[in-house]
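Enquirer: how would this look folded up:
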Amino acid sequence: MITHQFAQYRCPATRAAMQWSSRESDSSDMPSGRLTTPTGRGFSVKAGVPDFVYPDRLSEVESQTQREYDQVAERIYDAALDWQFQALYEDEEAVRELMIDMCQLKPNARVLEIGCGTGRDSFRLARRLGEHGALYMQDLSPNMVYTCRDRMRQYDQQMNFSCDLQYFVSNGAYLPFDDGFFDVVFHFGGFNQFGDLPRAAEEFARVTKLGGRVLYGDESVGPWLRGTEFEGIVGTNNPLFRSPLPLETIPVCARDVTVRWIMGNCFYVIAFTKGDGPPPLNLDLMHAGRRGGSMRTRYFGQLEGVSLETKELAQQAAQAAGMSMHQWLDTLVRVEAERVLEGPVATREGGHE
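Expert: Got it, this is the predicted structure:
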């Protein structure tokens, strides 16, 4: 049923579920209609492709990118990519397969490809997935999505894809899915032109499951080539090669982070496994030695500074008592606090020492 076909999508603004409405017969495999949230926000579906672009007003760079890619979707885009691989003496099959290898794909994975373009990575992803797998192909340019779908139908005749194939239009920084919906999020060749790079990377991670993989990359000449004639040549040909490496976009949940350069050291690839927030820390493991304390006490338990003379006296007193500075100060402050407050002071855990 068509309702089931679009049931997995969520409003990119509120992440609310949506209802399907159409005047067409439900028998169409490429229906046109509308998906609407309970509050009335709606998104059009044209020939089976939902358009979830949000915000309604794109940034200047996103609007320009959308216009340019709509214009070059049919022929110019592929010709430019062919030229790029030849100019850098690179084997396109080897390069793209290397990136997909970094995703650690399993046959039953649910994969999101951000920026599907004309499908040059899409068919390579699809042919690795089995009948229980799914590939969702996204682009900001509607014409790119339609071109990708047409190409994938041609590839399917040769390769007989067994996975589910879905296509949609959206802003990559506002994705129409619940948290943790995908096993893998893959994006290559457009990240530099996102309106908000950190938000986009966070969004890639948000829709990825714990333990899932995220990969994104784009133009950026390796740091060791900056200022050389090589950079001058490629940067004059395409200013995007002078883009900085966006390390600051890697979210705090990233684990096992890999950063590598490919294609003549002109493109970076960032790949990681999604963890749960920042890496875990044993905050209460006590240090041995003169200073003592734990990471928790050193960070959360800092007190107002004292004079150098008082600090030296405290160090001498702690040493004479056979205690670390943490133990001596913690005991001294607690005893004095309880004397002033006339009673035992509760510990952080709610008990008493």
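Enquirer: Can you mark which positions in stretch 82-91 are buried?
Expert: Under the neighbour-count criterion of 16 or more other Cβ atoms under 10 Å, stretch 82-91 has 84-85, 90 buried. C-beta coordinates here come from the backbone N, C-alpha and C atoms, glycine included.
Enquirer: quick one, phi/psi of residue 176?
Expert: Here is the backbone geometry of residue 176 (degrees, to the nearest 10): phi -90, psi 60.
Enquirer: if I pick it, what's in contact with it?
Expert: Residue 176 makes contact with 9-12, 43, 50, 52, 168, 170, according to Cβ atoms under 8 Å, 6 or more residues apart in numbering.
Enquirer: Next one: it relative to residue 206, how far apart?
Expert: 12 Å (Cβ to Cβ, to the nearest Å).
Enquirer: And stretch 186-206, what's buried?
Expert: For stretch 186-206, using 16+ other Cβ under 10 Å, the buried residues are 186-197, 199-206.
Enquirer: And the pLDDT for the nearest residue to residue 197 once chain neighbours are set aside?
Expert: Leaving aside its sequence neighbours, residue 197 sits nearest to residue 249 (Cβ to Cβ, 6 or more residues apart in numbering; 4.9 Å). Listed pLDDT for residue 249 reads 98.
Enquirer: before we move on, what about residue 227?
Expert: 97.
Enquirer: For residue 246, see how far away it is.
Expert: Residue 227 is 20 Å from residue 246, by Cβ to Cβ.
Enquirer: These two: which has the busier surroundings?
Expert: Taking other Cβ atoms under 10 Å, residue 227 and residue 246 do not tie; residue 246 has more neighbours (20 against 10).
Enquirer: ok, for residue 284, nearest residue in space, not its chain neighbours?
Expert: In space, residue 284 is closest to residue 294, 5.1 Å off (Cβ to Cβ, 6+ apart).
Enquirer: ok now do the one you found, which residues does it touch?
Expert: Per Cβ under 8 Å, 6+ apart, neighbours of residue 294: 283-287, 326.
Enquirer: Among these, name the buried ones.
Expert: Buried among the contacts of residue 294 by 16+ other Cβ under 10 Å: residue 326.
Enquirer: Redo the contacts of residue 294 as a markdown table? Include distance to residue 78.
Expert: Formatted as a markdown table, these follow (distance: Cβ to Cβ, whole Å):
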| residue | distance to residue 78 |
| --- | --- |
| 283 | 53 |
| 284 | 57 |
| 285 | 56 |
| 286 | 62 |
| 287 | 60 |
| 326 | 65 |
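Enquirer: Take the contacts of residue 294 and lay them out in JSON lines including pLDDT and secondary structure.
Expert: Conversion of these to JSON lines gives the following (pLDDT from 0 to 100; DSSP: H, G, I helix; E, B strand; the rest coil):
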{"residue": "283", "pLDDT": "96", "secondary structure": "coil"}
{"residue": "284", "pLDDT": "96", "secondary structure": "coil"}
{"residue": "285", "pLDDT": "97", "secondary structure": "coil"}
{"residue": "286", "pLDDT": "96", "secondary structure": "coil"}
{"residue": "287", "pLDDT": "96", "secondary structure": "coil"}
{"residue": "326", "pLDDT": "94", "secondary structure": "helix"}
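Enquirer: biggest separation within the contacts of residue 294, which pair?
Expert: 283 and 326 (13.8 Å; Cβ to Cβ).
Enquirer: list the helices and strands the strand ranked longest in the chain packs on?
Expert: Among the segments of the chain that qualify as a strand by DSSP state E, the longest is strand 208-219. For strand 208-219, the packing partners by 3 or more Cβ pairs under 8 Å, 6 or more residues apart in numbering; DSSP states H and E come out as helix 92-102, strand 182-188, helix 197-206, strand 267-274.
Enquirer: okay, now the residue nearest to residue 197: neighbour count?
Expert: That count, for residue 249 with other Cβ under 10 Å as the rule, works out to 19.
Enquirer: Please name the residues that touch it.
Expert: 197-198, 200-201, 270.
Enquirer: rerun at 10 Å
Expert: Shown in contact with residue 249 (Cβ atoms under 10 Å, 6 or more residues apart in numbering): 191, 194, 196-202, 204, 216, 270.
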